[in-house]
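[1] attaching a predicted model along with its sequence, questions to come.
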There are 2 protein chains.
Amino acid sequence: MNIGDVSNQTGLPAKTIRYYEDIGLVKPLRDDNGYRRFRSQDVHKLNFLGRARALGFTIEDCRTLMALYEDETRASADVKKVARAHMAQIEAKIADLNAMRDTLGHLIDACAGDDRPDCPILQDLGGKT
Amino acid sequence: MNIGDVSNQTGLPAKTIRYYEDIGLVKPLRDDNGYRRFRSQDVHKLNFLGRARALGFTIEDCRTLMALYEDETRASADVKKVARAHMAQIEAKIADLNAMRDTLGHLIDACAGDDRPDCPILQDLGGKT
DNA sequence: CTTGACCTTCCCGTGACTGGAACCCCCATT
DNA sequence: AATGGGGGTTCCAGTCACGGGAAGGTCAAG
């Protein structure tokens, strides 16, 4: 399979696939003409990566998870540890965003949104006084 | 005031303040020795920027908001529009993160986290079969 | 033989900074 | 007068995970 087919199968842009090769996440073979040739195991890896990325894991996490995936003697505890660390990051981000949403929501509600210049949003950003 | 004092007053790193000058958000004067000299209005602007950034507004949004802040003839509707667009971004991000959290949460719960290799997290990433 | 769809590499840009190097300035102490 | 330390300055590189686009090689069809 060439990169275009792989891209269609996995949903990953060709650019991304090349990038993953660059950083050593996938190692497709090469045809005589220089084209990348992907075996089914490469496609499988790329699907794995796509799903892990969709869950928000960083590339480095993906590297770790891939290594664990391929290590038959892994302990599930190691996987869970990575997942839980990532979970904590996600929850921290959600908390931040919720705080922003709440503050911003109040300000938006308080703003008339008409053609007059008075605006609680700007007042707040300007320091309220 | 020198940049260090401004940094203390605003809580913004000196690096950030220099960056904001670089991209034209703030225009401090210069002393003869080349040091930046910040007037109170500069400090006020920086506080404004700090608060806007803390609410997650992009730098370009901040630029827009600053312009509106300084325009006495603004319409609050214009401010509200920017704020609502940002709000939509925040909510979209929260939705994404919530979906990740839910999926990841189920997987984590299903994972024994012991020294055996069986792991639903990896199974899911690998395509479940 | 040419067209057009692929593929290749390479380099730059993204956003909002952060780190670090190399250097200047000012004040106080020895 | 030299030195030390704590300011300040510029500029360059790196972050993260790609995306855009240029310049060029390859391949199957008409």
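    Great, that's in hand. Residues are numbered from 1 along each chain as shown, chains lettered A, B, ... in the order given.
[2] chain A: helices as residue ranges?
    A:3-10, A:14-22, A:40-54, A:59-70, A:76-110, A:120-125 (DSSP state H).
[3] and the longest one, anywhere near DNA strand D?
    In this case it means helix A:76-110. No: Helix A:76-110 is not in contact with DNA strand D by Cβ under 7 Å from any atom of the strand; minimum separation 10.6 Å. For glycine as for every other residue, the C-beta is placed from the backbone atoms N, C-alpha and C.
[4] deepest of the helices of chain A, which one?
    helix A:120-125 (a mean of 21; mean count of other Cβ atoms under 10 Å in any protein chain shown).
[5] give me the residue at the spatial middle of chain A.
    Centroid-nearest residue in chain A, with Cα atoms, centre = their mean: A:G56, separated by 3.7 Å.
[6] residues contacting that one?
    The contact partners of A:G56, taken as Cβ atoms under 8 Å, 6 or more residues apart in numbering or on different chains, are A:86, A:89-90, B:97, B:100, B:104.
[7] for the most far-flung residue of chain A relative to its centre, give me the backbone phi and psi.
    In chain A, counting by Cα atoms, centre = their mean, A:R116 sits farthest out from the average C-alpha position, at 41.9 Å. Main-chain dihedrals, A:R116, degrees, to the nearest 10: phi -90, psi 160.
[8] please verify my assumption that it contacts B:S76.
    Yes: with contacts counted by Cβ atoms under 8 Å, A:R116 reaches B:S76, the gap being 5.9 Å.
[9] rewinding a little: quick one, which of the helices of chain A is nearest to chain B?
    Closest approach to chain B among these (Cβ to the nearest Cβ): helix A:76-110, 3.9 Å.
[10] what angle do the closest one and helix B:76-110 make?
    With axes from the mean of the first three to the mean of the last three Cα atoms, to 10 degrees as the basis, helix A:76-110 and helix B:76-110 are set at 160 degrees to each other.
[11] show the backbone phi and psi for the residue nearest to the centre of chain A.
    The phi/psi pair for A:G56 (degrees, to the nearest 10) is phi 90, psi 0.
[12] could you dump the helices of chain A to CSV with mean pLDDT?
    Compiled in CSV, those are given as follows (pLDDT from 0 to 100):
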stretch, mean pLDDT
helix A:3-10, 97
helix A:14-22, 98
helix A:40-54, 98
helix A:59-70, 98
helix A:76-110, 98
helix A:120-125, 97
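[13] how about JSON lines for these, with distance to B:E21 added?
    What follows is the helices of chain A, written out as JSON lines (distance: least, Cβ to Cβ, whole Å):
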{"stretch": "helix A:3-10", "distance to B:E21": "43"}
{"stretch": "helix A:14-22", "distance to B:E21": "34"}
{"stretch": "helix A:40-54", "distance to B:E21": "36"}
{"stretch": "helix A:59-70", "distance to B:E21": "33"}
{"stretch": "helix A:76-110", "distance to B:E21": "26"}
{"stretch": "helix A:120-125", "distance to B:E21": "19"}
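[14] tell me which of the ones you listed sits nearest to B:D22.
    Of all the helices of chain A, helix A:120-125 sits nearest to B:D22, with 21.5 Å by Cβ to Cβ.
[15] so what touches the closest one?
    A:107-108, A:110-111, B:48, B:51-52, B:55, B:65, B:68-69, B:74, B:76, B:79-80, B:83.
[16] so what's the gap between that helix and the chain middle?
    Centroid separation for helix A:120-125 versus its chain: 33 Å, with Cα atoms, centre = their mean, to the nearest Å.
[17] likewise stretch A:33-43?
    Centroid separation for stretch A:33-43 versus its chain: 24 Å, with Cα atoms, centre = their mean.
[18] quick check: chain neighbours aside, which residue is closest to A:N98?
    B:I94 (6.8 Å; Cβ to Cβ, 6 or more residues apart in numbering or on different chains).
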